[in-house]
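Undergrad: Let's see this in three dimensions:
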Amino acid sequence: MINVRTCSFTFAALAVTTLISLSPDVLAAAHQPISHQPNSNQPNVVVIFMDDMGYADIGSFGASGYKTPELDRMAAEGRKFTDFYVSQAVCSASRASLLTGCYNIRIGILGALGPGSNQGIHENEVTIAEVCRQKGYATACYGKWHLGHHEKFLPLQHGFDEYYGLPYSNDMWPYHPEVLKLPMEERLKRWPHLPLIEGNRVINSQVTAHDQTQLTTAYTERAVDFIRRNKQNPFFLYVPHAMVHVPLFVSDKFVGKSGQGTFGDVMMEVDWSVGQILGTLRDLQLDRKTLVIFTSDNGPWLSYGEHAGSANPLREGKGTMFDGGCRVPMIAWWPETIPAGSSCDIPAMTIDLLPTIAHLTGSTLPEHSIDGRNIWPLLSGQPDAKSPQDAYYFYWGKQLQAIRSGRWKLHFPHDYRTLNGAPGGKAGIPARYVTEKIPMSLFDLVSDPAESVNVADQHPEIVARLSELAEAARRELGDGEQRGAGVRPAGTHQ
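TA: Numbering: from 1, shown residues only. All right, here's what the predicted structure looks like:
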C-alpha cells in the first residue's frame, strides 16, 4: 500500500493481481531493503501485545486523565506508527495474523475462540517463534494465547520454549458481572471455570478474581526473568497481556493511584510493566541489540463505557472494521537503530511483523503463502521509504468490508454494531449495541480520520481502482460464501 502523503508511486491493479499470486520467496526478495542493515546479526525481539487497548489510551497517542510515562519515554526514544492496523478487530483473529504473517481468513481463524471450540492454529502454520527458532533463539510467551486451548494448539507446539498464561479471554469464566446473580450451576452452563496454564499443564483450574489481579505482575516478572536468563542468547519474547480486556483487574500497588477509576489504574500498571521490561534491557546492556514492539490486538470495547478505553478521533471500536476497531497505537523501540522521537504515517499492519523479523534474524520465510511484507525500511526510518503493500484488506468474519490504499479507505456495503452516540455501560455491565448499515463509502483518512464524510461521488476513479484491488483479494481470500483460492483450514481437535 502506498501513502500519498509521502510518495506518489502506485501499482496498477494488474500488477497487484500478479503480485498476490507470486511465491513468498519471490515476494520477499522483491522487498529486501538495499541499505541501512540492522546493527546486529541476531537482534533480540520483544512483542508486547495489549488486549482491547484503544488508539488514544497511551499518552503519546492522546490519552488524558492518567499518565503513561514509561510508554511516553519509549515513544520519545523510538518511533510511533500512527496508521498501524490489525487484520480483524477481535481477539483470536488478530493474534493469528500477528503470529503467522497472514490475514486470519487465510488460515481459518475467525472471531474469538471460546472454551467450547474445537479449532485452533493449524500445525502447518509457521509462527514468529518458529521463524526465530531457525537461528537458535530462545522463545517464550507469557499471557493470553487464544489460538486454541487444546494441547495441540498451545504455544509449546508452535515454536515457544515456555508458556504461562490464560488460554483465552479473561471474561470467559463464570464470574462475569452480568451473571453473578445466577446460581453457579447456571453460570457454568455458559462458561466453565477459567484455567491458568504453564507449559502444557493446567496449574490452576479455577482462576479467581484475586488471581486475575496478579496476572499483569506475573507476566511481567516472568518476562524479566526470561530476559535475564537469556542475556547471552538471542531471544524472542511475546507478552500478550490480559488487560485491558474486561473484566478489569489491577494489583494492590496501583488501586486508586490514577484518580481515573479502574481503567486508569490498569493503564498505570501496564505502563509499569513496559518500564520493567525496557529497564531490564537497559540494565543488562541489551537495549542496543533488541527490537521492542508495543501495540494492541484491536480497539476499545466501547459498550463497557467507563471500563473501556478510547479510539479518539477514530470511528467506532472493537468489533467493527472502522479505524476505531482496527487501527491501534504502535511504538517500535531499538536505541541507536530506530530513530528516536520519530513518527511514521505510512500504513502498516501486524501481518508485516513476521517477514520483518525474518529479515532481521536472517531466517527463512514459510514455504506457504503469507500476506505480510518486510517493513524494515519504515521501521528504521529510511529516507523515502515506501510501503511494500499496495493495499490492506479488512474482513469481519468472512466478509470483506473495507480496503485501505494510501490515504483512501473504501467501505463496501455492510452492517456494523454501534452505540449510536449512547453512553457505554458502568460497573462492568455493557450497554447494548444497535445495528446500522453503511453504503459504499470512500473516506480520505488524511483529512477525515473519523471516517465521517463519504467522498465516493467526488472520486469515482479511486472507487474503481480500490474495487478492482478488492476483486483480486476476493479471488485469493474469498468474501462471504465465495471461497478464496488461497485459504487454508484451521486446526481441528477431534
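Undergrad: list the contacts for the residue lying closest to residue 416 once chain neighbours are set aside?
TA: Sequence neighbours aside, residue 320 is the residue nearest to residue 416 in space, at 4.8 Å (criterion: Cβ to Cβ, 6 or more residues apart in numbering). In this view, the C-beta of every residue, glycine as well, is placed from N, C-alpha and C. Shown in contact with residue 320 (Cβ atoms under 8 Å, 6 or more residues apart in numbering): 89, 326, 396, 416, 417, 418.
Undergrad: quick one: which of those is nearest to residue 180?
TA: Nearest to residue 180 among the contacts of residue 320: residue 417, at 24.7 Å, using Cβ to Cβ.
Undergrad: Run me through the strand neighbours of the strand or helix carrying the closest one, direction for each.
TA: Using DSSP states H and E, residue 417 sits within strand 414-418. With DSSP bridges as the test, strand 414-418 is paired with strand 434-438 (antiparallel).
Undergrad: Could you pull out the buried residues of the strand it pairs with?
TA: residue 438 (16 or more other Cβ atoms under 10 Å).
Undergrad: Now the element after it, going C-ward?
TA: With DSSP H and E, the next secondary element past strand 434-438 is strand 441-444.
Undergrad: by contact count, what packs against that next one?
TA: strand 408-411, helix 460-477 (3 or more Cβ pairs under 8 Å, 6 or more residues apart in numbering; DSSP states H and E).
Undergrad: before we move on, the earlier item: distance of the residue nearest to residue 416 relative to residue 326?
TA: As judged by Cβ to Cβ, to the nearest Å, residue 320 and residue 326 stand 8 Å apart.
Undergrad: try residue 336
TA: Counting by Cβ to Cβ, the gap from residue 336 to residue 326 is 32 Å.
Undergrad: Of these two, which one has the most company?
TA: More crowded of residue 336 and residue 326, by other Cβ atoms under 10 Å: residue 326, with 31 against 11.
Undergrad: Now that one: closest residue in space, sequence neighbours ignored.
TA: residue 89 (4.7 Å).
Undergrad: That neighbour: what's it in contact with?
TA: Contacts for residue 89 were tallied using Cβ under 8 Å, 6+ apart; they are 298, 299, 317, 318, 319, 320, 321, 325, 326, 396.
Undergrad: Would you quantify the distance from it to residue 149?
TA: Going from residue 89 to residue 149 by Cβ to Cβ gives 22 Å.
Undergrad: what's the most distant pair in the contacts of residue 320?
TA: 326 and 418 (15.0 Å).
Undergrad: Could you pull out the helices in the stretch 1-150 of the chain for me?
TA: Per DSSP state H, counting those that start in this stretch, the stretch 1-150 of the chain carries helices over the ranges 13-19, 24-30, 69-77, 91-100, 128-133.
Undergrad: Report how many residues lie close to residue 387.
TA: Neighbours of residue 387 under the rule other Cβ under 10 Å: 27.
Undergrad: Check the chain for its longest helix and report it.
TA: Assignment by DSSP state H gives helix 261-283 as the longest helix of the chain.
Undergrad: Only the buried residues of stretch 231-242, if you could.
TA: By 16+ other Cβ under 10 Å, the buried positions in stretch 231-242 come out as 234, 235, 236, 237, 238, 239, 240, 241, 242.
Undergrad: which one of the residues you listed is nearest residue 490?
TA: Among the buried residues of stretch 231-242, and counting by Cβ to Cβ, the member closest to residue 490 is residue 240, at 18.9 Å.
Undergrad: Quick check, that closest one in contact with residue 51.
TA: Yes. Residue 240 is within contact range of residue 51, at 7.1 Å (criterion: Cβ atoms under 8 Å).
Undergrad: Find residues that contact each of those two.
TA: In contact with both residue 240 and residue 51: 144, 297, using Cβ under 8 Å, 6+ apart.
Undergrad: leaving aside the residues next to it on the chain, what's closest to residue 456?
TA: Nearest residue to residue 456, sequence neighbours excluded (Cβ to Cβ, 6+ apart): residue 442, at 4.0 Å.
Undergrad: burial of that neighbour, as a residue count?
TA: 20.
Undergrad: For it, which residues are in contact?
TA: Contacts for residue 442 (Cβ under 8 Å, 6+ apart) come out as 408, 409, 410, 411, 454, 455, 456, 459, 462, 463, 466.
Undergrad: Need the buried ones from these selected in PyMOL.
TA: Buried residues within these, by 16+ other Cβ under 10 Å, are selected in PyMOL with:
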select buried, resi 408+409+410+411+462+463+466
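Undergrad: If we only consider the contacts of residue 442, which is nearest to residue 310?
TA: The nearest member of these to residue 310, counting by Cβ to Cβ, is residue 409 at 20.2 Å.
Undergrad: Assess the claim that that closest one and residue 403 are in contact.
TA: Yes. Using Cβ under 8 Å, residue 409 is in contact with residue 403, at 7.2 Å.
Undergrad: Show the residue spans covered by the helices in the stretch 151-300 of the chain.
TA: For the stretch 151-300 of the chain, the helices defined by DSSP H, counting those that start in this stretch cover 184-190, 209-213, 215-229, 261-283.
Undergrad: Tell me how far stretch 126-144 lies from the chain's centre.
TA: Its chain's average C-alpha position is 17 Å from that of stretch 126-144, according to Cα atoms, centre = their mean, to the nearest Å.
Undergrad: before we move on, what about stretch 473-490?
TA: Distance, centroid of stretch 473-490 to centroid of chain: 22 Å (Cα atoms, centre = their mean).
Undergrad: Stretch 247-260 now?
TA: Stretch 247-260 sits 24 Å away from the centroid of its parent chain (Cα atoms, centre = their mean).
Undergrad: How about residues contacting it?
TA: Contacts of stretch 247-260 (Cβ under 8 Å, 6+ apart): 65-66, 170-171, 175-177, 209, 212-217, 242-243, 262-269, 272, 307, 428.
Undergrad: Make a PyMOL selection of whichever of the residues you listed turn out to be buried.
TA: Remark: buried members of those, expressed as a PyMOL selection using 16+ other Cβ under 10 Å:
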select buried, resi 66+170+171+175+176+212+213+214+215+216+217+242+243+262+263+264+265+266+267+268+269+272+307+428
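Undergrad: how about the strands in the stretch 201-350 of the chain?
TA: Ranges of strands in the stretch 201-350 of the chain, per DSSP state E, counting those that start in this stretch, are 201-204, 235-240, 290-296, 327-333, 342-344, 348-349.
Undergrad: now for those strands, which one comes closest to residue 433?
TA: Ranking the strands of the stretch 201-350 of the chain by proximity to residue 433 (Cβ to Cβ) places strand 327-333 first, at 19.7 Å.
Undergrad: for residue 148, what are its contacts?
TA: Residues in contact with residue 148, defined by Cβ under 8 Å, 6+ apart, are 113, 117, 119, 120, 121, 154, 167, 491, 493.
Undergrad: no, scratch that, I was asking about residue 411
TA: Residue 411 makes contact with 321, 401, 402, 438, 440, 441, 442, 443, 451, according to Cβ under 8 Å, 6+ apart.
Undergrad: same check, this time on residue 69
TA: Going by Cβ under 8 Å, 6+ apart, residue 69 touches 59, 271, 275.
Undergrad: picking that back up, quick check: the farthest pair among the buried residues of stretch 231-242?
TA: 234 and 242 (27.2 Å).
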